[in-house]
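S.K.: build the 3D model from these lines:
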Amino acid sequence: MNQILDLIRQHGELFYLITFVWTALEGETFVIFAGLAAQRDLLDIRMLFFAAGFGSMLGDQIWFFTGRYFGRRILKRFPKIEPKLEKVFVALEKYSTSFILTYRFMYGLRNISALAIGMSPLPWKRFFVLNFIASFMWAFVFCGAGYAFGDLMERMGIADEESVNFEVRGIMITVLSLFILIVLGRYWHKARMAKEDELLKPVHKDFSE
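M.R.: Modelled structure (predicted):
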């Protein structure tokens, strides 16, 4: 938390640009604590939301096109990633839409998933639309979690910086993880049950059908 506050003090409005770049890589914890800072009126929550959403979207678009144009070369260079790619292909075959909407919530799968999707027959326009939706879902969840926890801590009278760093971090991550698991569970359940979804097509066929 102290690092986030230092960045805000040092860079002011440029902090949103930092958020944009950071979230293009990963940034869940970063966005949570930035949301907490927004609750303290140190940031504009709307600007934070858009910076995080567009940054997340850009990062995955880059990985997608990297997979589309250089995926086979990367696989030859790093053959150890093939098992992870295969898992993504299987998920795409069974639940393509719901997987694209939720994979960024799965720790350790975000970049490899976008890379694998780029290697699949999925049309880039379809990925662009789903990635746009998923990116802002992600930004809403993590920005909102930080903001909501900040409000909760304020009501509990434990909003000082030291408490945030040592006492509350564990509670924040635990509750947020439970929330994400519930959301993912609902998406996966609907994907399995909604066989009539016309977008759920096998990856080895044509995703555009």
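
S.K.: list the buried residues of the helix or strand hosting L115.
M.R.: Per DSSP states H and E: L115 is located in helix 110-119. Buried positions in helix 110-119, judged by neighbour count with 16 or more other CB atoms under 10 Å: 110-119. Yep, even glycine has a C-beta here, placed from its N, CA and C like the rest.

S.K.: angle of whichever helix or strand R73 is part of against helix 110-119?
M.R.: Using DSSP H and E, the element containing R73 is helix 45-77. Taking axes from the mean of the first three to the mean of the last three CA atoms, to 10 degrees, one finds that helix 45-77 is oriented at 60 degrees with respect to helix 110-119.

S.K.: any stretches of the chain with poor pLDDT?
M.R.: Along the chain, segments meeting pLDDT under 70 span 1-2, 107-108, 152-209.

S.K.: for the residue nearest the centre of it, which three-state class applies?
M.R.: By CA atoms, centre = their mean, the chain has its centre lying nearest to R104, at 3.9 Å. Classification of R104 by DSSP: H, G, I helix; E, B strand; the rest coil places it in helix.

S.K.: which helices and strands does the host helix or strand of L85 pack with?
M.R.: In the assignment (DSSP H and E), L85 maps to helix 82-102. Here helix 82-102 touches helix 110-119, helix 124-156, helix 169-193, going by 3 or more CB pairs under 8 Å, 6 or more residues apart in numbering; DSSP states H and E.

S.K.: if we can go back for a sec, surely the residue nearest to the centre of the chain meets S56?
M.R.: Yes: between R104 and S56 a contact is recorded at 6.9 Å, counting by CB atoms under 8 Å.

S.K.: need the residues touching each of the two.
M.R.: Common contact partners of R104 and S56 (CB atoms under 8 Å, 6 or more residues apart in numbering): 135, 138.

S.K.: now for F128: which residues touch it?
M.R.: Q61.

S.K.: wait, F136
M.R.: Contacts of F136 (CB under 8 Å, 6+ apart): 49, 53, 57.

S.K.: how many neighbours does the last one have?
M.R.: Spelled out, it's M57. Using other CB atoms under 10 Å, M57 is surrounded by 22 other residues.
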